[in-house]
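Novice: pasting the sequence and the predicted coordinates here, then a few questions.
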Amino acid sequence: MLQELNLPGQVGGGGSLNTRRQESPENDPFQWQAQGGSNERFNFDSPFGKAGDLKMWKSSGDGITHINKLKGAAKATVSDFQKFADIFLLPVYRLCVDVYDMNLQGKDDLLAWRAKRIDSMLLNYAFIDAWIKLHVGNNNFQEFLIPFGHVAVISLIEYMMMKQGYYRYISFGTDGWEKRLEHTLAVVSTVYRSALIKLKADPGWPGEVAILSHEE
């Protein structure tokens, strides 16, 4: 029997980070929310108050400034994750050139193999989920699906937290960490999917480069 283990909360396909990593807590990319949210980090001085006309504020000079700042911050944060996802992509998903595979006889074979592997990973979100087998008693084992449990996802989050300073903004165990983790998972899933599709469409090799062939 196959079961699914759910993480805290629910990550939607359109999830995204809200702003750019910065030193000050007010610019926390994983906590900024509109005024009145559960984490009131985004306390802009709206002349309309909580019950005011948001559409009017969005068209005001102050509103446009804040919105543009958030857009730029979100793009910069996603760019950070995308840069390192591109580096993790080949080794973690085992998409590197395998010079020991006797079935790959040159560049065309490799590209076909890689495209097929990428398609299989994109199917049913296999590139972000993981299956684990647990002992359930009486020498019986059961497989469980772990959403966002793929080593590629965990590795990138750990790297960004420990090496790029994002631990200050995800902050496991502090108030609101579940929502910040949801945002992070949404971004990681998006950048990996984008990187896989890009790699399939354009492997990046110059036309004159020949892949090692067993026929040579």
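Specialist: Now that the structure is in, tell me what you want to look at.
Novice: those helices in this protein, which residues are they?
Specialist: 54-59, 61-92, 107-122, 151-163, 167-170, 177-201 (DSSP state H).
Novice: quick one: which of those is nearest Ala130?
Specialist: Taking Cβ to Cβ, helix 151-163 is the member of the helices of the chain nearest to Ala130, at 7.2 Å. Where you see a C-beta, it was placed from the backbone N, CA and C, and this is true even at glycine.
Novice: what sits up against that closest one?
Specialist: Helix 151-163 is contacted by residues 80-81, 84-85, 88, 92-93, 127-128, 130, 166-167, 170, 184-185, 188-189, 192 when judged by Cβ atoms under 8 Å, 6 or more residues apart in numbering.
Novice: can you give me the mean pLDDT across that helix?
Specialist: Averaged across helix 151-163, pLDDT comes to 94.
Novice: picking that back up, lowest-confidence stretch among the helices of the chain?
Specialist: Looking at those, the lowest mean pLDDT belongs to helix 54-59 (a mean of 79).
Novice: that older thread, dump the helices of the chain to a markdown table, plus distance to His135 and mean neighbour count.
Specialist: Output for the helices of the chain, formatted as a markdown table (distance: least, Cβ to Cβ, whole Å; neighbours: other Cβ atoms under 10 Å):
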| stretch | distance to His135 | mean neighbour count |
| --- | --- | --- |
| helix 54-59 | 53 | 13 |
| helix 61-92 | 27 | 15 |
| helix 107-122 | 28 | 15 |
| helix 151-163 | 21 | 17 |
| helix 167-170 | 31 | 18 |
| helix 177-201 | 28 | 19 |
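Novice: now those in TSV, with distance to Asn140?
Specialist: Converted to TSV, those look like this (distance: least, Cβ to Cβ, whole Å):
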stretch	distance to Asn140
helix 54-59	55
helix 61-92	31
helix 107-122	29
helix 151-163	26
helix 167-170	36
helix 177-201	31
